[in-house]
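1. model the structure of this input:
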Amino acid sequence: MRFKHLLLVALAFTQLFFAQQKKIAAANKMYDNLSYIDAIAVYEKVAEKGYKSAELFQRLGNAYYFNAKFEQAFKWYRELFALNEPIPAEYYYRYAQTLKSTGNYLLANQMLAKFSEMSENDNRAKKFKENVEYLGTIKEISNRYNVEKTNINSEFLDYGTSFYKGYLVFASNRPTKSKLSKKVNKWDNLAFTNLYASEVKTDGTLSEPEEFINEVATKFHETTPCFTADGTTMYFTRNNFNDGKVGKNQEKSVLLKIYKATYNEGKWINIKELPFNSDDYSCAHPVLSPDDKFLYFASDMPGTLGQSDIFRIAVNEDGTYGLPENLGAVINTEGKETFPFITENNELYFSSDGHPGLGGLDIFATKPQEDGTYLKVFNVGAPLNCEMDDFAVYFDVKSKFGFFSSNRNGGAGYDDIYKFVEKIPLPFNNEQVITGNISDLEEEVVLENVKVTILDDQMKEIAQTFTDEHGNYEIKVEPGNKYFIRTETRDHQPQEVSVDVKNEHGKTHQDFELIKRSGKTGVTTGSDLAKILNIKEIYFDLDKFNIRPDAEVELQKILVVLTENPDMKIDVRAHTDSRASKKYNMTLSTNRAKSTVDYLVQNGIDRSRLTSKGYGETQLVNGCSDGVDCTEEEHQLNRRSEFIIVE
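-> Predicted coordinates:
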């Protein structure tokens, strides 16, 4: 009986297994056809039965992720990672994005760090490594706007704004008054969008939206229009639908194209797709430069770096077009860059999930330089950005107000349109200049012709200048970075300091008072180079004595002095605080002093010029001995390195 019972259970399990496999196969077909909502319904029923697999959880997470439902995607990506199986690098990135939607930035950054290890050549990984403290950077630039909901939002999709003759024009899939029947998009089971318009009243409120143009309306998407300055030409996005015929790619998907219409005698006519469109890739979300000479748009055409990039194309006077130009890796990543917008000042706004942000699509901004290249892209910060999707900016520079779209919590529908007013301008012209004055410490006279070198945080030289007759120097640098400033002159000891340059327009001031190499300055036998060169400590990891990268920065100062003074001999002395046994601290400090000497020898200093000794906790500079309650700052004073000139 027991055997028969087990056999029946096994047969039932086998039947259940194959039944679930059939359901998954059916859902996979829907998924592959981009019918994500239908696929989700099947996948979730299978998951509720207890069926688990990496593929199931990947597809469930993706189906929600691609529909910007990040909190639901988080649930299934979490299940995916709980399997403890090898996972492709891209899922670490997607999981991080969904973690941000839940407010868990700590774990999100851990996932991004892992992603960066696995995909070090990915532009998203590089941008994360360049700005690991991106949340602090975003916080610094935030709170420049007042944001409020608009009165035109519905329970449906409302997004993508433009202006036309005093009207705000946008896309919505709210029920239409026209007799034209709108299809349902299998991607998200939502109706396709029409263009609507709402008059902007004198008090800033918006009138009840009405359908904008019947001439361009079809049963597919019409969205994101833009208009030439004279109002006679409109560019807009539509699905691949021409003269009543649907165009599809090889996977039988209907992609997006950019269309053009002209205004004549009260109607929009001559509706044609632009020549750089294709059935095999999408072009969408057009916007014109202030002079109407360039059309910017998003596309996944050949030459795209990621899922979609920002391109531009020349609009010639004879109505022809140039060749699409990718705006490059400063702007585009392996992720999604989309919804470009150009202000009257030629400032570029766009949305991206590839640059470090708060979650989902964030709004970023930059401005081209005279040579056409772009300055460093920056996140515009909260409250325009949040943990969800924020996109489709329209901004009027003169009036300081604009609109953007978002699916943030608290909205009326799927996507909503928000109004914002600028309080503090963004730092587009955020050129930073490091300036200062260099003088002799003892004689208190300015020093002319001192060599000043600027190095980045990897100690790579990026600029160089000399002080003028007044002892002043000035070097332009990129904002938002850490730099090292090094001085060099024949008669004075070199100095090197680090400065943190703010991510905004302005100046960073750093003066130097240099000490003569010998004579009355006190730089003689017994002097401590650590004090002269402002070296507080040669840092080591806990319980270790190998030289860390930040310690190399400090030791480079010692190397310069020893190289320029070939007869100088020094004694390297290492000290610890009291928070371990005396024996342990003595051994640790001795090893650290020896490691420091070894480093100097490896970099060209003769060992005969160097001695070392560890003093442990025997020479505390304050009363922080065993049993004394001290702050971390007080203990820090005792953890020091000395470089004593002995000859």
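2. all helices of the chain, in order?
-> 2-32, 36-48, 54-65, 70-82, 89-101, 105-118, 123-130, 134-141, 529-532, 549-564, 582-602, 632-638 (DSSP state H).
3. select, out of these, the one closest to Asn385.
-> helix 134-141 (7.5 Å; C-beta to C-beta). In short, each C-beta sits where N, CA and C put it, glycine included.
4. dump that closest one to PDB, restricted to CA.
-> Extracted in PDB, the C-alpha atoms of helix 134-141 (Å, rounded to 0.1, in the frame of the first residue of the first chain):
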ATOM      1  CA  TYR A 134      26.400  59.800  -5.800                       C
ATOM      2  CA  LEU A 135      23.600  60.100  -3.200                       C
ATOM      3  CA  GLY A 136      25.500  62.900  -1.500                       C
ATOM      4  CA  THR A 137      26.200  64.600  -4.800                       C
ATOM      5  CA  ILE A 138      22.500  64.400  -5.700                       C
ATOM      6  CA  LYS A 139      21.500  65.800  -2.200                       C
ATOM      7  CA  GLU A 140      23.800  68.800  -2.700                       C
ATOM      8  CA  ILE A 141      22.100  69.700  -6.000                       C
END
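5. show me what that helix is packed up against.
-> Helix 134-141 sits against strand 378-379, with contacts defined as 3 or more C-beta pairs under 8 Å, 6 or more residues apart in numbering; DSSP states H and E.
6. how does it look with 6 Å?
-> Helices and strands touching helix 134-141, by 3 or more C-beta pairs under 6 Å, 6 or more residues apart in numbering; DSSP states H and E: there are none.
7. the inter-axis angle of it versus helix 105-118?
-> Taking axes from the mean of the first three to the mean of the last three C-alpha atoms, to 10 degrees, one finds that helix 134-141 is oriented at 120 degrees with respect to helix 105-118.
8. residues contacting Gly614?
-> By C-beta atoms under 6 Å, 6 or more residues apart in numbering, Gly614 lies in contact with 574, 589-590, 593.
9. could you pull out the strands for the stretch 351-500 of the chain?
-> Remark: strands assigned in the stretch 351-500 of the chain by DSSP state E, counting those that start in this stretch are 362-366, 378-379, 390-396, 401-406, 416-422, 432-440, 451-455, 461-466, 472-477, 482-489, 492-500.
10. those: lowest mean pLDDT?
-> Of all the strands of the stretch 351-500 of the chain, the minimum mean pLDDT falls on strand 492-500 (a mean of 83).
11. ok, Asp528 touching Ser641?
-> No. Assessed by C-beta atoms under 6 Å, Asp528 is found out of contact with Ser641, at 9.6 Å.
12. the two: which has the busier surroundings?
-> The residue with more neighbours, out of Asp528 and Ser641, is Ser641; 25 against 17, by other C-beta atoms under 10 Å.
13. is the more buried one in a bridge, and if so with what?
-> Residues in a beta bridge with Ser641, per DSSP bridges, are Ala574.
14. if I look at it, how far off is Ile570?
-> Per C-beta to C-beta, to the nearest Å, Ser641 is found 11 Å from Ile570.
15. equivalent analysis for Ser595, please.
-> Counting by C-beta to C-beta, the gap from Ser595 to Ile570 is 15 Å.
16. before we move on, what about Pro324?
-> 61 Å.
17. go on, Asn194?
-> The gap separating Asn194 from Ile570 is 78 Å, by C-beta to C-beta.
18. could you do Tyr196 as well?
-> 76 Å.
19. settle it for me: which of these two has more neighbours?
-> Ile570 (25 against 22).
20. for the more buried one, give me the pLDDT.
-> The model's pLDDT for Ile570 equals 88.
21. what residues does it make contact with?
-> Under the criterion of C-beta under 6 Å, 6+ apart, the contact list for Ile570 reads 643, 645.
22. likewise the one 4 residues further on?
-> Counting by C-beta under 6 Å, 6+ apart, Ala574 makes contact with 589, 592-593, 614, 641.
23. again, only using 7 Å
-> Ala574 makes contacts with 589, 592-593, 614-615, 641, as judged by C-beta atoms under 7 Å, 6 or more residues apart in numbering.
24. for Phe81, same thing?
-> By C-beta under 7 Å, 6+ apart, the neighbours of Phe81 are 87, 95.
25. domains for the chain, by residue range?
-> Domain assignment for the chain by automatic domain parsing gives 2-120, 145-422, 430-517, 524-647.
26. CSV for these, including distance to Ile138?
-> As requested, those are exported to CSV (distance: least, C-beta to C-beta, whole Å):
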stretch, distance to Ile138
domain 2-120, 11
domain 145-422, 5
domain 430-517, 10
domain 524-647, 25
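27. Val132: which of those domains is closest?
-> It is, among the domains of the chain and with distance given as C-beta to C-beta, domain 2-120, at 7.6 Å.
28. could you give the mean pLDDT of the closest one?
-> If you average the pLDDT over domain 2-120, you get 75.
29. what is the neighbour count of the nearest residue to Gly381 once chain neighbours are set aside?
-> Nearest residue to Gly381, sequence neighbours excluded (C-beta to C-beta, 6 or more residues apart in numbering): Ser142, at 3.3 Å. For Ser142, the neighbour count with other C-beta under 10 Å is 17.
30. before we move on, what about the one 4 residues further on?
-> Per other C-beta under 10 Å, the neighbour tally for Asn146 reads 12.
31. identify the bridge partners of the closest residue to Asn277 other than its chain neighbours.
-> Distances taken as C-beta to C-beta, 6+ apart place Lys257 nearest to Asn277, at 4.2 Å, with adjacent residues excluded. Beta-bridge partners for Lys257, by DSSP bridges, are Arg238.
32. list the contacts of Lys257.
-> Counting by C-beta under 7 Å, 6+ apart, Lys257 has contacts 238, 240, 273, 277, 283.
33. make it 10 Å
-> For Lys257, the contacting residues are 236-242, 247, 273-274, 276-279, 281-284, by C-beta atoms under 10 Å, 6 or more residues apart in numbering.
34. neighbours of Val393, how many?
-> Residues lying near Val393 (other C-beta under 10 Å) number 24.
35. if anything else comes up later, I'll come back, but that's it for now.
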